[in-house]
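Engineer: Provided below for reference: sequence and predicted model.
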Amino acid sequence: MNKRKKIVLKKLTAVLLVMSFLVMSVSCGKGKNEEGYSEKRLATEAFGIADSGDFEYNGSGGNGARQLTEQDIQDMSGGNAIIVYDDNHQYVTTIIGKFYDKKVTDMENAINSLDGIATLLGFEKGVQFFGMYGETNAQGYTHFTYQQRYGGITIAYSTLRIFIDPEGYVCGLQNSFVPELGIAEPKTMSNADAEAIVQQVLSYNNANVRIFSEYTKQVFYYLNDHVVNCMVVYTDNPSAGGSFDMPYLAHYVDIDNNSYLINIPTSNLNEGNGNIDEYNTDQYFEDLEMQSWSGTVTLYDGRTEQITVPIGYNSKDGLYYLADKERKIACANWWDFEFNNFTVNFKTSTNNQDWDNEHLLAYYNYIRVYDYYASLGVKSIDGFGMPILIGMDYCDQNHNPIDNACYMGRYVGWACFCSSKANNCNQCIDTLGHEFTHGVRDGSMGSAIYQNELGAMHEAFSDVMGQLIEYKLEATTDTEWKLGECGGKIWRSMSNPNLYNQPNYVGDLYYVSPTRVDDVYVNDHGGVHINSSLMNSICYKLNLYGMTVDEQLHVWYNVLETLTPRGDYDDLYAALIFALRVYGLTQYEQPVKTIFDELGLSGDRIANAANATKPGCGRVRIQVSDAYIDHSIAVIILTAAGNQIEAFPDEKNNIIDCLAPAGQISVFVIERPNLNSQTQITSLDSNGNFFASQSSAAIFSVTEGQTLDLGTIQ
């Protein structure tokens, strides 16, 4: 289970030692086949006229087709349409409602529905689509998913979904396509040159990692409202395990400027475009004869439980395997897989009796989560039944146990999860459901932006689904919506986030405004493991309004299958309303609106955060000068009671502005000029110097209802 470590500062002027983020790690309902499992209907071939094989949109948006207005869409939708724009209010990102009056029969035909809204979406003649897949849910709604290309090259995180109702008519879309691109004339860079630039950056940070050269490729990356021609290079994530369990980093190298651009944590090499079938991992299960093991397992608190798990017997070697032929789930030694060239050393027994207690618990509970998703029509994490490997005895290269549970991504044909003996996470359905949902969301979306609001939503999807699955399976007696309670250690609370250093609403204590600079070592990628409580709170509050666990499970899974990689809280709101309508739960539309308002998620969230108040608190405000606009900066406010408030410059104004408890505080600064630099930790002294030694930290006073302006970091 992913978690976040608190910085330990024992006194008001104590030395700040380290800042790290430990987090819960990491997509896909499909149409059901005759076995009741999900199955994507892949396009048999790319369609269209482009040489690359992509469908090239040449609609008549600027050549005679009447462009629809918002009012037209409202009229077609009986006044119930929801239309969401991007942050600059220029282009539509979500439509829930009708915008096309003809029936849609296939993926290519669905593209025609965009003719009348091309202007709203910012599409120009020649925008390229690649049809990824279609999927139909149990309610008869079909989602067609497309990825954007530019000059025949994929644009990272650019996805479009068109929704078709059971009668065959368009009923909505979500859009992460980059608008108004023009004509692409991409330069190229060799794989070796791109990897050399990445290796140089990593060497500055003393990171010894693997580069997965087989996945290096050219892409376009949408950064700060413009598209950058890039190479993407995948490596190990040097922070995985110790801080969070996104096991890989996608490094983007700017081809035009021959420079390092940014890295994004990911659990999926090649962002979903690789061919996993070449590994034939399902063949490991062919010679197994299915038997079972029944017996008693011991829980962390001494209680016992009777369980039965499937066991595979191989007559060729006379061994029993902790493996399930039907579900294609197998247990193996993690160290061998991670550090010995992906060797799959299966957990076996000569007598089907001497199984490890913790291995049995992990295997048993992952099967329970697997079966719940299968009941939704999702076979494994990808809908295709991808084989699952549970890496037992999760550890580092020196065999030291790692205190985490995680989804380690898809590699060499396996969906990989890890189980550790350093904790009791194997006994927590909410934790294992969290990890499994990371995989399901990856499978659905193909990729996800793990930064700021979008990263927090990514984490929250796993919290929400893990918690709801635990309640659905009656695997807990908890009534306070805690996470991890069945393992004896609570990581988060959905009913009272402040207890675990998470905000109750936008601008609350611990809230993190979207940050300009992404840095796991300094700002947790913009608070992805801090702000996850906001979406968690939506789920908890819907429970208070009377929505049942079953209803919530269907609604949230539908939302997960609706959003695209750049969908933010505004798109989330629309997706929730869409899901409520799909499942006939429209009585909750007003409660959803009320909850979004209460949480400060409606409207301008930066303004909402700046105007937030809390009894017993004042505000602390620090300006960051332009000289530090591209630096990674964090401020740690240490209170006399030992509380720690972490705050970062906001994305829009480069201002640190946060609530803090009234009383005495000291202020520490964590700063890193760039990814090639070491992190330095300093303090604010009585002379207003933000880069004083840690032992020189001055004491300041926060007054309830007042703002303490501490000057400028310069």
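Structural biologist: Received the coordinates, thanks. On a predicted model such as this, the values are computed, not experimentally measured, just so you know.
Engineer: any idea which helix or strand carries Leu454?
Structural biologist: In this assignment (DSSP states H and E), Leu454 forms part of helix 452-472.
Engineer: What pLDDT is listed against His89?
Structural biologist: Reading off the per-residue confidence, His89 sits at a pLDDT of 82.
Engineer: what about it, which helix or strand?
Structural biologist: Remark: His89 resides in no helix or strand, with elements defined by DSSP H and E.
Engineer: for Pro591, same thing?
Structural biologist: When secondary structure is defined using DSSP H and E, the element that contains Pro591 is helix 589-599.
Engineer: Check which residues of the helix or strand just after that helix are buried.
Structural biologist: Stepping forward along the backbone from helix 589-599, the first helix or strand reached (DSSP H and E) is helix 605-610. Neighbour-count burial for helix 605-610, counted by 16 or more other C-beta atoms under 10 Å, picks out 605-606, 608-610. For the C-beta atoms, the positions are set from N, CA and C on the backbone; glycine is no exception.
Engineer: possible to save those as TSV with distance to Ala422 and pLDDT?
Structural biologist: TSV is the format used below for the buried residues of helix 605-610 (distance: C-beta to C-beta, whole Å; pLDDT from 0 to 100):
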residue	distance to Ala422	pLDDT
Arg605	37	92
Ile606	39	87
Asn608	39	94
Ala609	36	93
Ala610	41	90
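Engineer: between the residues you listed, which is closest to His554?
Structural biologist: Minimum distance to His554 across these is 27.7 Å, recorded for Arg605 (C-beta to C-beta).
Engineer: Any figure for the gap between that closest one and Tyr569?
Structural biologist: In this structure, Arg605 and Tyr569 are 7 Å apart, going by C-beta to C-beta, to the nearest Å.
Engineer: shared neighbours, these two?
Structural biologist: Taking C-beta atoms under 8 Å, 6 or more residues apart in numbering as the contact rule, Arg605 and Tyr569 both touch Glu453.
Engineer: Kindly calculate the angle that the host helix or strand of Cys539 makes with helix 589-599.
Structural biologist: Cys539 is located in helix 532-544, with elements delineated by DSSP H and E. Put simply, helix 532-544 runs at 140 degrees to helix 589-599, going by axes from the mean of the first three to the mean of the last three C-alpha atoms, to 10 degrees.
Engineer: Buried residues in the helix or strand following helix 532-544, which are they?
Structural biologist: Using DSSP H and E, the helix or strand that follows helix 532-544 towards the C-terminus is helix 549-560. Within helix 549-560, the residues that qualify as buried are 549, 551-560, counting by 16+ other C-beta under 10 Å.
Engineer: Quick check: Val635 touching Phe668?
Structural biologist: Yes. Using C-beta atoms under 8 Å, Val635 is in contact with Phe668, at 7.1 Å.
Engineer: returning to what we had before: what helices and strands are in contact with the helix holding Leu454?
Structural biologist: helix 357-375, helix 429-445, strand 482-483, helix 520-527, helix 532-544, helix 549-560, helix 569-582 (3 or more C-beta pairs under 8 Å, 6 or more residues apart in numbering; DSSP states H and E).
Engineer: which one of these has the lowest average pLDDT?
Structural biologist: Summarising mean pLDDT across the helices and strands packed on helix 452-472, the least confident stretch is helix 520-527, with a mean of 80.
Engineer: what helices or strands is that one leaning on?
Structural biologist: Packed on helix 520-527, when contacts are counted by 3+ C-beta pairs under 8 Å, 6+ apart, are helix 452-472, strand 632-639, strand 663-672.
Engineer: Just give the number of residues close to Gln318.
Structural biologist: Heads up, residue 318 is Gly, not Gln. The burial metric for Gly318, expressed as a neighbour count using other C-beta atoms under 10 Å, is 9.
Engineer: For it, give me its contacts.
Structural biologist: Counting by C-beta under 8 Å, 6+ apart, Gly318 touches Thr350.
Engineer: And it, how close does it get to Thr639?
Structural biologist: Taking C-beta to C-beta as the measure, Gly318 and Thr639 are separated by 63 Å.
Engineer: what do you get for Gly527?
Structural biologist: In this structure, Gly527 lies at 19 Å from Thr639, with C-beta to C-beta as the measure.
Engineer: Over to Asp382?
Structural biologist: From Asp382 across to Thr639, the span is 46 Å (C-beta to C-beta).
Engineer: Looking at these two now, which is surrounded by more residues?
Structural biologist: For Asp382 versus Thr639, the count of surrounding residues by other C-beta under 10 Å is larger for Asp382: 22 against 18.
Engineer: Am I right that that one is in contact with Gly443?
Structural biologist: Yes. Contact criterion C-beta under 8 Å: Asp382 and Gly443 qualify, at 3.9 Å.
Engineer: which residues of the stretch 51-200 of the chain fall in strands?
Structural biologist: Ranges of strands within the stretch 51-200 of the chain are 55-56, 82-85, 92-96, 128-136, 142-150, 153-164, 170-175, based on DSSP state E, counting those that start in this stretch.
Engineer: want to throw those strands into a markdown table with mean pLDDT, mean neighbour count and distance to Arg492?
Structural biologist: Formatted as a markdown table, the entries for those read as follows, by pLDDT from 0 to 100; neighbours: other C-beta atoms under 10 Å; distance: least, C-beta to C-beta, whole Å:
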| stretch | mean pLDDT | mean neighbour count | distance to Arg492 |
| --- | --- | --- | --- |
| strand 55-56 | 57 | 20 | 43 |
| strand 82-85 | 96 | 18 | 28 |
| strand 92-96 | 96 | 25 | 28 |
| strand 128-136 | 83 | 22 | 31 |
| strand 142-150 | 88 | 24 | 30 |
| strand 153-164 | 88 | 23 | 27 |
| strand 170-175 | 96 | 26 | 28 |
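Engineer: Mind checking the ones you listed for the one nearest to Leu376?
Structural biologist: If you check each of these against Leu376 by C-beta to C-beta, strand 128-136 wins as the nearest, at 11.9 Å.
Engineer: now what about the helix holding Cys539, what contacts it?
Structural biologist: Contact with helix 532-544 is made by 456-457, 459-461, 463-464, 467-468, 481, 492, 494-495, 497, 502-506, 549, 552, 556, 569, 572, 576, 588, 591-592, 595-596, 598-599, 601, as judged by C-beta under 8 Å, 6+ apart.
Engineer: Check which residues of that helix are buried.
Structural biologist: Buried positions in helix 532-544, judged by neighbour count with 16+ other C-beta under 10 Å: 532-543.
Engineer: Excluding chain neighbours, what is closest to Ala697?
Structural biologist: Spatially, and ignoring its direct neighbours in sequence, Ala697 is nearest to Ser683 (3.7 Å; C-beta to C-beta, 6 or more residues apart in numbering).
Engineer: my read: that neighbour touches Glu671, true?
Structural biologist: No. Using C-beta under 8 Å, Ser683 is not in contact with Glu671; the gap is 11.5 Å.
Engineer: Alright, I will stop here.
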